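Visitor: I would like to see how this sequence folds:
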Amino acid sequence: TTKAVDVLAILNVFFSKHDFDWKQKLHSLCTDGAPAMLGNKSGFAHLVKKEAPNVVVTHCFLHRHALATKTLPTSLKDVLSIVIKTVNFIRSRALNHRLFKTLCQEMNAEHEVLLYHTEVRWLSRGQVLKRIFKLKTEVSLFLEEKDNSLFEYFNNKDFICQLAYLADIFTHMNDITISIQGPDT
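Guide: Okay, the predicted model is just below:
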């Protein structure tokens with residue numbers, strides 16, 4: 001696209017001004033995976049490869065969570081969707097939130113509240129899934145008391161297995177992501 005060409009032109013001027021040789025000095029390029037970055041004909045990475053053919057293009061590690069959820073099998077996407085609906089049903093209504101907290105206290109649950117999931121903070125997925133898995137019994141009881149049909153999922157062995165799988169995978173991804181952050185890492 002024209003933006004990629006414009007950025008490349010700006011980089012050419014900058015590199016020329018600082019006597020930087022594309023072919024000898026540039027070894028890798030890390031992108032966020034946007035089409036403007038990776039397009040086969042006019043993407044920024046393609047244009048950089050014309051200048052420095054040996055450059056290795058990688059995908060930013062921190063964006064892998066987002067990619068992972070976009071490529072999930074349908075059954076796992078459905079589980080994630082049901083979890084989000086459940087959390088929203090309980091958390092987005094103040095009365096439901098208070099009643100769920102009371103139920104968790106009465107059952108001596110490890111936690112008393114569910115965590116919100118937001119698309120903006122994809123690191124939250126692992127925590128949300130882990131929390132709802134730990135509170136699956138309380139969630140099921142609460143949904144059944146509220147006559148919400150979502151409770152059936154929390155009594156389904158296949159659903160619980162898929163929920164556990166998602167919670168584990170996203171928790172591991174969170175741990176890896178957190179471990180590579182910080183000074184001297």
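
Visitor: which parts of this structure are helices?
Guide: Secondary structure of the chain by DSSP state H: the helices cover 2-17, 22-25, 35-38, 44-51, 64-70, 74-91, 94-106, 124-134, 136-145, 157-179.

Visitor: most packed of the ones you listed?
Guide: Using mean count of other Cβ atoms under 10 Å, the stretch among the helices of the chain with the greatest mean number of neighbours is helix 124-134 (a mean of 21). Heads up, the C-betas are built off the backbone N, CA and C, glycines and all.

Visitor: name the helices or strands packed onto it?
Guide: If you count contacts as 3 or more Cβ pairs under 8 Å, 6 or more residues apart in numbering; DSSP states H and E, helix 124-134 packs onto helix 74-91, helix 157-179.

Visitor: select, out of those helices, the one closest to Val5.
Guide: With Cβ to Cβ as the criterion, Val5 lies closest to helix 157-179 of the helices and strands packed on helix 124-134, at 32.7 Å.

Visitor: the closest one: how far from the chain's middle?
Guide: Distance, stretch centre to chain centre, for helix 157-179: 11 Å (Cα atoms, centre = their mean, to the nearest Å).

Visitor: quick one, that helix and helix 136-145 angle?
Guide: Compare the direction of helix 157-179 with that of helix 136-145 by axes from the mean of the first three to the mean of the last three Cα atoms, to 10 degrees and you get 130 degrees.

Visitor: which elements pack onto helix 157-179?
Guide: When contacts are defined as 3+ Cβ pairs under 8 Å, 6+ apart, helix 157-179 packs onto helix 64-70, helix 74-91, helix 124-134.

Visitor: 6 Å instead, please
Guide: helix 74-91, helix 124-134 (3 or more Cβ pairs under 6 Å, 6 or more residues apart in numbering; DSSP states H and E).

Visitor: outside of the shortest one, which residues touch it?
Guide: Contacts to helix 124-134, defined as Cβ atoms under 6 Å, 6 or more residues apart in numbering, come from residues 83, 110-111, 114-115, 117-118, 163-164, 166-167, 170-171, 174.

Visitor: among those, show me the least confident.
Guide: Checking pLDDT across these, the minimum falls on Thr118 at 53.
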